[in-house]
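>>> task: produce atomic coordinates for the following.
(one chain, ligands or ions: 2)
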Amino acid sequence: MEIIQLGNPILRDKAEFVADVKDPRIQQLIDDLLITVKQANGVGIAAPQVGVSDRIFIVASRPNPRYPHAPEMEPTPMINPKILARSDESEKGWEGCLSIPGIRGSVPRDRAIEVEYSDRYGKLHKQELTDFVARIFQHELDHLDGIVFLDRLE
Ligand SMILES: O=C(O)C[C@@H](Cc1ccccc1)C(=O)SCC(=O)c1ccccc1
Ligand SMILES: [Zn+2]
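Ligands and ions are numbered 1, 2, ... in the order given. Modelled structure (predicted):
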């Protein structure tokens, strides 16, 4: 799928709550996002970045030049994600965005967050995320609310 670039107003849309995770259209979208994030060599991707206004994103942390200690994880679809609690400490870190190629910036994010989301089978997950994985989650959640990392540069 084609990745929407900054400047396209769709990227600023607020994504809608997913009513039925078992809907075949949602399952197809999840498969498309998994392929797209892999092809783009990203560590995350959100549905609005492919022009779909659903509250779904993929978190796919892996070690990379900027975060060599990042955990290698199975790309994880997260549906109707939300942050339940935040650590009081925040940390600045480098971010990029597949919709804003060639630009990197230092963005403050909460170092630890308690999150809730449904997986693609409809199972509810509640867990604590820290460091780079927490950063990706916050970056992708922003996309669901039409926010990009440039909006958060200090
Ligand atoms: O635009 C996106 O949502 C994907 C974005 C996710 C992200 C990267 C870095 C910090 C938080 C969230 C990317 O994957 S950008 C390209 C990339 O692979 C990368 C960029 C910087 C550091 C690590 C990876
Ligand atoms: Zn992005």
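>>> residues touching I10, list them.
Listed by C-beta atoms under 8 Å, 6 or more residues apart in numbering, the contact partners of I10 are I4, P48, G51, S53. C-beta: built from backbone N, CA, C; applies to glycine.
>>> only whichever of those are buried, select them in ChimeraX.
Per 16 or more other C-beta atoms under 10 Å, the buried members of those correspond to this ChimeraX selection:
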select :4,48
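>>> now the contacts of I10 as JSON lines including secondary structure and pLDDT?
Shown next, in JSON lines, are the contacts of I10 (DSSP: H, G, I helix; E, B strand; the rest coil; pLDDT from 0 to 100):
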{"residue": "I4", "secondary structure": "coil", "pLDDT": "97"}
{"residue": "P48", "secondary structure": "helix", "pLDDT": "97"}
{"residue": "G51", "secondary structure": "coil", "pLDDT": "96"}
{"residue": "S53", "secondary structure": "coil", "pLDDT": "96"}
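>>> just flag the most distant two among the contacts of I10.
I4 and S53 (11.1 Å; C-beta to C-beta).
>>> rewinding a little: can I get the contacts of I10 in CSV with distance to ligand 1?
Output for these, formatted as CSV (distance: C-beta to the nearest ligand atom, whole Å):
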residue, distance to ligand 1
I4, 10
P48, 10
G51, 14
S53, 16
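>>> include distance to V37 when you put the contacts of I10 into a markdown table, please.
Listed next are those as a markdown table, based on distance: C-beta to C-beta, whole Å:
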| residue | distance to V37 |
| --- | --- |
| I4 | 14 |
| P48 | 14 |
| G51 | 15 |
| S53 | 18 |
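>>> number of nearby residues for the nearest residue to D110 once chain neighbours are set aside?
Excluding the flanking residues, the one nearest D110 by C-beta to C-beta, 6 or more residues apart in numbering is R86, at 4.3 Å. Here the number of neighbours of R86 (other C-beta atoms under 10 Å) works out to 16.
>>> give the contact list for R86.
The contact partners of R86, by C-beta under 8 Å, 6+ apart, come to D110, A112, I113, E114.
>>> of those residues, which is the most crowded?
I113 (22 neighbours).
>>> now do the contacts for I58.
Residues in contact with I58 (C-beta under 8 Å, 6+ apart) are I30, L33, L34, V37, G44, I45, A46, P75, T76, P77, M78, E140.
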